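Asks: the following comprises the amino acid sequence and a computationally predicted model.
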Amino acid sequence: MAKILYGVCGIGIGHAIRSSEVITHLRKKHEVLVLSSGTAYPHLKKKLPNVHLVPGFEFAFKKNSIQNVRTILKNIAKLNAQTYHLFKNVTQKLDQFQADLVISDMDTFSMYYAKDHQLPLITLDNQHYLFYGNYKAPDEYAVGSIKGKLALKIATLPADKYLVLSFPKTHLKPDTPAELFNPILRKEIFTVKSITRDYIFVYQSMPTDKHLINLLKKIKENFIVYGFNLEKKEGNITFKKFHEGKKYLQELANAKAIISSAGFTLLSEALYFQKPIFALPIKKHFEQTLNALYLKQHQFGDYSEEPTAEHLLTFLKKIAQKKYKTLPKWNNHPLYIRLDTIIEEHTQREK
């Protein structure tokens, strides 16, 4: 048995959804202490034992774009006495825990703890695909690519093992230190059967941006919309509050198409259900741009940072081509097997 410190990025809940699956697997054999922040913390606290709050990085958004200056100021504001005492309290708990190794899903604090205490560090995330992925982005995204990699460089530390999550049919560059795995899926997905119904599933990550809703009202289709924290019907649009139950996944699985933000987790689930996707990547967020480019380049969908009704109608006309039906199904077992092996190797080395 190993003692594992598992750090989870607090931005959104995508990191928390997949990390809770991995941590649940690890707890069958090991003792795990979890650190997280932001919106991920309450999600993990509800699902798992031994979860602790740590200050984390946050983005500032306006409509569908990251605000760089506001993001910097928002995080500088966290440098106060309350944050210091929280760090101090968490560090004391970690010292008492005496971890054997650290796994980080883009959590900077746990990475620095591993470095300071000379502990083996494993990174398990999709963000490192920006470094190690074998991809080509159009020249118009060159500056965004450089900024994205620089931000990743600042937020991470060198690891002993890099386990990189990416979509099916992607590859790593030759001679990289990383290993590639399909996205981690929550266990409920494997019990959902997909039956295509006559509606389009929509997830909007920016509830203050009403542009998309205005477009949907002009299109003669039925839409189920998540992301606005509403429960009501307006013409051809049914708004629903987000929940993690099987009903949400069933609605995703039964949709004839998906329109959503370009976050990794939701796209992974839609791809697993073999759905055509129109992605809405956040501007100046190269990770989401790369996700959207994947859909277009593999003919699994399309994307736009500033969608029009014409964009959406063109996409909907093409969904009959069914290129997305060529995607294979997958499960979490290869990743779990490899992770178990790595932990066993480190444990044996320490004896």
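Replies: That came in fine, so what should we check first?

Asks: just the CA atoms of the host helix or strand of Leu290, as PDB, please.
Replies: According to DSSP states H and E, Leu290 maps onto helix 286-297. Taking Å, rounded to 0.1, in the frame of the first residue of the first chain, the C-alpha atoms of helix 286-297 are listed here in PDB:
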ATOM      1  CA  PHE A 286      -5.400  27.600 -26.900                       C
ATOM      2  CA  GLU A 287      -6.200  24.300 -25.100                       C
ATOM      3  CA  GLN A 288      -9.800  24.700 -26.200                       C
ATOM      4  CA  THR A 289      -8.800  25.900 -29.600                       C
ATOM      5  CA  LEU A 290      -6.800  22.700 -30.000                       C
ATOM      6  CA  ASN A 291      -9.700  20.600 -28.900                       C
ATOM      7  CA  ALA A 292     -11.900  22.400 -31.500                       C
ATOM      8  CA  LEU A 293      -9.300  21.900 -34.300                       C
ATOM      9  CA  TYR A 294      -9.300  18.200 -33.500                       C
ATOM     10  CA  LEU A 295     -13.000  18.000 -34.300                       C
ATOM     11  CA  LYS A 296     -12.700  19.800 -37.600                       C
ATOM     12  CA  GLN A 297      -9.500  18.000 -38.700                       C
END
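
Asks: in it, which residues are buried?
Replies: Judged by neighbour count (16 or more other C-beta atoms under 10 Å), helix 286-297 contains these buried residues: 286-295. Every residue, glycine included, has its C-beta placed from N, CA and C.

Asks: now do stretch 174-183
Replies: Residues of stretch 174-183 classed as buried by neighbour count (16+ other C-beta under 10 Å): 178, 180-183.

Asks: mind putting those in TSV, secondary structure included?
Replies: Listed next are these as TSV, based on DSSP: H, G, I helix; E, B strand; the rest coil:
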residue	secondary structure
Ala178	strand
Leu180	strand
Phe181	strand
Asn182	coil
Pro183	coil
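
Asks: before we move on, back to that, hmm, who's touching the helix holding Leu290?
Replies: Applying C-beta atoms under 8 Å, 6 or more residues apart in numbering, the contact partners of helix 286-297 are 126-127, 129-130, 133, 135, 137-138, 141, 144-145, 147-149, 167, 170, 261-264, 267, 277, 279, 281-282, 300-303.

Asks: quick one: pLDDT of Asn214?
Replies: Looking at Asn214, its pLDDT stands at 93.

Asks: excluding covalently adjacent residues, which one is nearest to Ala155?
Replies: Thr108 (5.5 Å; C-beta to C-beta, 6 or more residues apart in numbering).
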